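*Asks:* Build me a model from this:
(one chain, ligands or ions: 2)
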Amino acid sequence: MKRDYYEILSVARDASIPDIKSAYRREALKHHPDRNPGDKDSEKRFKEAAEAYEVLSDPEKRKIYDRYGHQGLTGARAPQGYSSVEDILSAFGDVFGGGSLFGEFFGFSGGSGGGPRRGSSLRCEVRLSFAEMAKGATKTLSLRRPETCETCHGTGARPGTSSRTCSYCHGRGVIQQRQGFFALQTACPRCEGEGTVLDTPCADCGGAGRVPRSRDIEVKIPAGIEDGMQIRLSGEGEAGERGATPGDLYCEVRVGRHPLFSRDGNDLLCEVPITFAQASLGAEIDIPGIDGRERLSVPRGTQSGSVLRLLGKGLPDVRGRTTGDLLARVVVETPKRLSKRQEELLREFAETEESSVSPGRKGFFEKLKELFGTND
Ligand SMILES: [Zn+2]
Ligand SMILES: [Zn+2]
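*Replies:* Ligands and ions are numbered 1, 2, ... in the order given. Next up, the predicted model:
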């Protein structure tokens with residue numbers, strides 16, 4: 001099932017070593033994980049190309065492969081079968097320029113050599129009560145983050161002075177070297193890829209262009225947000241180097257519990273105790289809601305455990321379209337104490353039902369005699 005190595009690299013069977021090298025470079029770049037993030041097929045092809053290159057660039061292994069195919073390459077001669085991209089880069093980095101990473105060499109992952117670096121993103125947590133969640137809230141976060149130095153405006157140069165163009169790379173930040181067949185490009189060692197050098201660094205930031213600052217940041221939290229959701233505050237992370245784009249701030253939202261309510265999506269759930277009489281005869285009762293009291297109609301003959309729905313009285317959708325419902329689960333409570341009058345009425349009621357009930361406390365022994373007296 002293994003694909004032919006020549007086919008993988010799209011080269012002729014008599015291709016020269018430089019041809020194979022450049023074919024591998026082309027394939028590896030096409031399928032490089034930086035260019036195809038999360039693409040499993042590309043990753044497979046990237047590894048496949050590395051294996052093909054490993055064999056075809058080694059005259060001895062290539063000879064065996066030409067004669068016996070994949071079966072010939074076993075034991076000590078078996079290709080490594082790279083499991084990670086890092087393995088491949090450390091094994092064949094020389095193809096791409098003095099062991100540097102692909103990203104640095106080709107400048108598509110924003111590594112050094114690509115100018116000032118973007119600021120890192122920051123993470124924080126923001127806690128809300130259930131009621132705040134239901135209404136939406138504005139919270140103030142206090143955090144410390146690197147910000148652009150106000151003295152030098154992020155340049156890193158002492159005010160009145162300026163950085164000068166790096167004479168080694170002539171401001172390009174990269175240098176080119178010819179190594180046999182290839183022109184290789186690496187970050188300039190003198191200016192570390194910046195293209196400029198500072199003779200007199202800013203005293204406040206030491207030339208970094210950034211200084212740590214404590215900040216209070218307001219976060220608007222939309223109503224209905226769920227526990228664990230993240231809010232992204234664009235550009236509120238660390239400042240970038242020398243005016244580069246700042247990072248973002250990610251706030252993870254933590255919502256507290258409510259003594260009465262739980263939630264199911266945008267629906268609010270609560271339990272409401274009702275009496276036997278309310279359940280039997282029906283009732284209008286007040287129950288707690290997010291906006292204060294709500295009127296709940298308990299229909300005649302409601303069973304314990306029934307769920308009654310108040311439309312639109314739940315939580316707003318965090319994306320702002322719909323509103324959930326309030327679901328009240330009614331539980332019929334059996335009275336633990338009855339007044340004399342209540343007991344009389346209930347016993348009368350039980351008689352009409354012709355159901356057996358336990359005898360009243362008063363006269364209990366008399367009733368016992370009535371029942372069992374004949375046996376005396
Ligand atoms: Zn400064
Ligand atoms: Zn330079």
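
*Asks:* Quick check: residues of the protein near ligand 1?
*Replies:* C149, T151, C152, C202, D204, C205 (Cβ under 5 Å from the ion). Quick note: C-beta positions are derived from backbone N, CA and C, even for glycine.

*Asks:* Mind doing that once more with 8 Å?
*Replies:* Residues of the chain that fall close to ligand 1, judged by Cβ under 8 Å from the ion: 149-158, 201-211.

*Asks:* Quick check on the residues you listed: which are buried?
*Replies:* 149, 151-152, 154-158, 201-202, 205, 207-211 (16 or more other Cβ atoms under 10 Å).

*Asks:* State the pair within the residues you listed that is farthest apart.
*Replies:* R158 and R210 (15.4 Å; Cβ to Cβ).

*Asks:* tell me the domain boundaries of this structure?
*Replies:* Domain segmentation of the chain under automatic domain parsing yields 5-98, 120-153+209-257, 262-333, 343-375.

*Asks:* Just the pLDDT for K313.
*Replies:* Listed pLDDT for K313 reads 94.

*Asks:* Same question for D14.
*Replies:* pLDDT, D14: 89.

*Asks:* Can you report how many residues lie near it?
*Replies:* 8 (other Cβ atoms under 10 Å).

*Asks:* ok, now how distant is it from ligand 2?
*Replies:* 43 Å (Cβ to the ion, to the nearest Å).

*Asks:* out of the domains of the chain, nearest to Q176?
*Replies:* The nearest among these, by Cβ to Cβ, is domain 5-98 at 9.7 Å.

*Asks:* Which positions are bridged to the residue nearest in space to the middle of the chain in the beta structure?
*Replies:* Centroid-nearest residue in the chain, with Cα atoms, centre = their mean: Q230, separated by 7.3 Å. With DSSP bridges as the criterion, Q230 is bridged to E252.

*Asks:* Contact partners for it?
*Replies:* With contacts defined as Cβ atoms under 8 Å, 6 or more residues apart in numbering, Q230 is in contact with Y250, C251, E252, V253.

*Asks:* S129: which of those is nearest?
*Replies:* Closest to S129, out of all of these and judged by Cβ to Cβ, is V253, at 11.8 Å.

*Asks:* any idea how far ligand 2 is from that closest one?
*Replies:* Counting by Cβ to the ion, the gap from V253 to ligand 2 is 45 Å.

*Asks:* Could you report the neighbour count for that residue?
*Replies:* 22.

*Asks:* any idea of the pLDDT on it?
*Replies:* 93.

*Asks:* pretty sure it is touching C124, no?
*Replies:* No. Look at V253 against C124 with Cβ atoms under 8 Å: they stay out of range, at 10.3 Å.

*Asks:* Helices of the stretch 1-150 of the chain, residue ranges please.
*Replies:* Using DSSP state H, counting those that start in this stretch, the helices of the stretch 1-150 of the chain run over 5-9, 17-30, 40-56, 59-68, 85-97, 102-106, 130-135.

*Asks:* Using CSV, write down the CA coordinates of the fourth one.
*Replies:* Taking C-alpha atoms only, helix 59-68 is exported to CSV below (Å, rounded to 0.1, in the frame of the first residue of the first chain):
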residue,chain,number,x,y,z
PRO,A,59,22.9,6.4,-2.7
GLU,A,60,23.0,3.0,-0.9
LYS,A,61,19.4,3.0,0.3
ARG,A,62,18.3,4.2,-3.1
LYS,A,63,20.1,1.4,-4.9
ILE,A,64,18.4,-1.2,-2.7
TYR,A,65,15.0,0.5,-3.2
ASP,A,66,15.5,0.5,-7.0
ARG,A,67,16.2,-3.2,-6.9
TYR,A,68,13.8,-4.6,-4.3
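
*Asks:* what's it packed up against?
*Replies:* When contacts are defined as 3 or more Cβ pairs under 8 Å, 6 or more residues apart in numbering; DSSP states H and E, helix 59-68 packs onto helix 40-56.

*Asks:* Okay, buried residues for the helix it packs on please.
*Replies:* For helix 40-56, by 16+ other Cβ under 10 Å, it's 42-43, 45-56.

*Asks:* what's that helix packed up against?
*Replies:* Using 3+ Cβ pairs under 8 Å, 6+ apart: helix 40-56 touches helix 5-9, helix 17-30, helix 59-68, helix 85-97.

*Asks:* run the last query once more with 6 Å
*Replies:* helix 5-9, helix 17-30, helix 59-68 (3 or more Cβ pairs under 6 Å, 6 or more residues apart in numbering; DSSP states H and E).

*Asks:* Check which helices and strands the second one sits against.
*Replies:* Taking 3+ Cβ pairs under 6 Å, 6+ apart as the contact definition, the neighbouring helices and strands of helix 17-30 are helix 5-9, helix 40-56.

*Asks:* could you dump the ones you listed to JSON lines with mean pLDDT?
*Replies:* Below are the helices and strands packed on helix 17-30 laid out as JSON lines (pLDDT from 0 to 100):
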{"stretch": "helix 5-9", "mean pLDDT": "93"}
{"stretch": "helix 40-56", "mean pLDDT": "88"}
